[in-house]
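# Quick one: sequence plus predicted model below, questions after.
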Amino acid sequence: MSTATAQPSQDPFAAVAALPGVPEAVESARKAVDGLLGHRTMRRRSPEITAESALRGARASAALEGADWSLEEVRRRTDYSQSDDPEARIVGGALRLSAEYGTLVDVWRRSPIQVLARLHMVAAADVVPADALGRPRLAGEDVSVRPDPGVLPGPADVTARLDGLARLLLAPSEAPAVVVAALVHGEILALQPFVWGNGLVARAAQRIVLITRGLDPKSAVVPEVGHLDLGADAYEKALRGYVSGTPEGVAGWIGHCAEAVTLGARESVAVCEAVMRGM
C-alpha cells in the first residue's frame, strides 16, 4: 500500500499518523466528533441520529458516484431494484450498504477481506453479473472508475495489496481511527479492486473503521457528506496525492479525510438540533 513510503516502522499506520500536518487534522476531527457524541440529543435519541446519518451518508456517497439526488427524493423513492435507471441502481446500492454497518462490525475485526467482499455483493447486486460479485477484478475486465486514481494496478497486485492491508488491520496499532479509516478508504480507491462500485465500498469501509476503532461507535458522523461538501475535484486530487506515495501526498489525503469527518460531525450536530426542535 502507499503507506510503504512513510518512515519504516513496526506500525505503518502510526508512521503515517506522525506525518506533518496529520496530528492537527486528526485532533480537529476528534474534537468535532466528541462534540457530536456529547450532544444531549445523542444521549437521548441516538438511534434516530444514527438512522438519519445512514440515510444522508448513502445519499452523499451516491452523489459522489454520479447519482446526485436530493435527500427528499431518496426518502421518497422505493423502486431502486426494479429501475433500469443507472442512477437509481447507484442510490439503491448505497442505501443497502447503509443498512449493513451494524452487522459487519464484528466480522471486520476478524476478516476485513470478507467484509469488503460482502460490501461489494450488497452494493453491486443489481448492477454486475453474479460471478463478479464480491471478488477482485480479473485481467481484461472493464472497471467503472470514480474517482480516478490514475493508472490502476494489475489484478495480481490488487490481491497482494488487499492481503497486506488486511494483515495490517489485524495487527495492533496506536494510530488514530481517522488515520486508519483514511488509509483503508484510500487504498480501496487506489486499487479499484472490483469492476463496479469501488467508491461506495471504500466509503462504507471508512465508516466501519470509524465504528470499530471507537471514534464513532454509534455511526452518527456523516463523512460522506463531508467529502461531497469538499467537492469531487478536491476528492480526486487528494486521492492522486495518496497514490503518489509521497509523504506530502499521503498526509494531504489524511488531512482531506479528517476534514470530511469534521464536516460530517457538524452535519449530524445540525440534525441533532433539528430533532431537538421537533423538526
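Structure received.
# can you pull out the strands in this structure?
With DSSP state E as the criterion, the chain has no strands.
# give the contact list for the residue nearest to the spatial centre of it.
Note on the chain: the residue nearest the mean C-alpha position is residue 203, at 1.9 Å, using CA atoms, centre = their mean. Counting by CB atoms under 8 Å, 6 or more residues apart in numbering, residue 203 touches 57, 61, 64, 185, 223-224, 227. C-betas here are computed from N, CA, C, even on glycine.
# I'd like those residues as CSV, with distance to residue 100 and pLDDT appended.
Output for these, formatted as CSV (distance: CB to CB, whole Å; pLDDT from 0 to 100):
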residue, distance to residue 100, pLDDT
57, 12, 98
61, 13, 98
64, 18, 98
185, 16, 98
223, 16, 98
224, 14, 98
227, 19, 98
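# quick revisit: so how far is residue 38 from the residue nearest to the centre of the chain?
Distance of residue 203 to residue 38, given as CB to CB, to the nearest Å: 25 Å.
# same thing with residue 65?
On the measure of CB to CB, residue 65 and residue 38 end up 33 Å apart.
# Of these two, give the one with the bigger neighbour count.
Set residue 65 next to residue 38 and count neighbours by other CB atoms under 10 Å: residue 65 wins out with 24 against 9.
# So that one versus residue 206, what's the distance?
Taking CB to CB, one finds residue 65 at 14 Å from residue 206.
# Repeat that for residue 234.
For residue 234, the distance to residue 206 equals 16 Å [CB to CB].
# more crowded one of those two?
A side-by-side neighbour count of residue 234 and residue 206, using other CB under 10 Å, places residue 206 first with 27 against 15.
# so what's that one closest to, chain neighbours aside?
Excluding the flanking residues, the one nearest residue 206 by CB to CB, 6 or more residues apart in numbering is residue 185, at 4.1 Å.
# which residues in this protein form helices?
For the chain, the helices defined by DSSP state H cover 12-17, 22-37, 40-64, 71-76, 86-98, 101-110, 112-123, 155-170, 177-191, 198-212, 223-230, 232-244, 247-276.
# so can I have JSON lines of those helices showing distance to residue 144?
Shown next, in JSON lines, are the helices of the chain (distance: least, CB to CB, whole Å):
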{"stretch": "helix 12-17", "distance to residue 144": "28"}
{"stretch": "helix 22-37", "distance to residue 144": "30"}
{"stretch": "helix 40-64", "distance to residue 144": "13"}
{"stretch": "helix 71-76", "distance to residue 144": "21"}
{"stretch": "helix 86-98", "distance to residue 144": "10"}
{"stretch": "helix 101-110", "distance to residue 144": "23"}
{"stretch": "helix 112-123", "distance to residue 144": "12"}
{"stretch": "helix 155-170", "distance to residue 144": "15"}
{"stretch": "helix 177-191", "distance to residue 144": "13"}
{"stretch": "helix 198-212", "distance to residue 144": "8"}
{"stretch": "helix 223-230", "distance to residue 144": "18"}
{"stretch": "helix 232-244", "distance to residue 144": "15"}
{"stretch": "helix 247-276", "distance to residue 144": "22"}
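# Quick check: which of the ones you listed is nearest to residue 129?
Residue 129 sits nearest to helix 112-123 of all the helices of the chain, at 12.1 Å, using CB to CB.
# Tell me the helices and strands packed up against the closest one.
When contacts are defined as 3 or more CB pairs under 8 Å, 6 or more residues apart in numbering; DSSP states H and E, helix 112-123 packs onto helix 86-98, helix 101-110, helix 155-170, helix 198-212.
# quick one: which of those helices is nearest residue 258?
helix 198-212 (11.3 Å).
# Report pLDDT for residue 83.
Residue 83 is assigned 73 on the pLDDT scale.
# Where does pLDDT dip in this protein?
1-9, 81-82, 279 (pLDDT under 70).
# cutoff 90 now
For the chain, the stretches with pLDDT under 90 are 1-10, 43, 77-84, 102, 126, 276-279.
# Please report how far residue 115 lies from residue 121.
Plainly put, residue 115 is 11 Å away from residue 121 if you go by CB to CB.
# Neighbour count for the two, which is higher?
Taking neighbours as other CB under 10 Å, residue 115 and residue 121 compare with residue 115 leading, 24 against 20.
# tally of neighbours for residue 113?
15.
# Before I go, just wanted to say thanks for your time.
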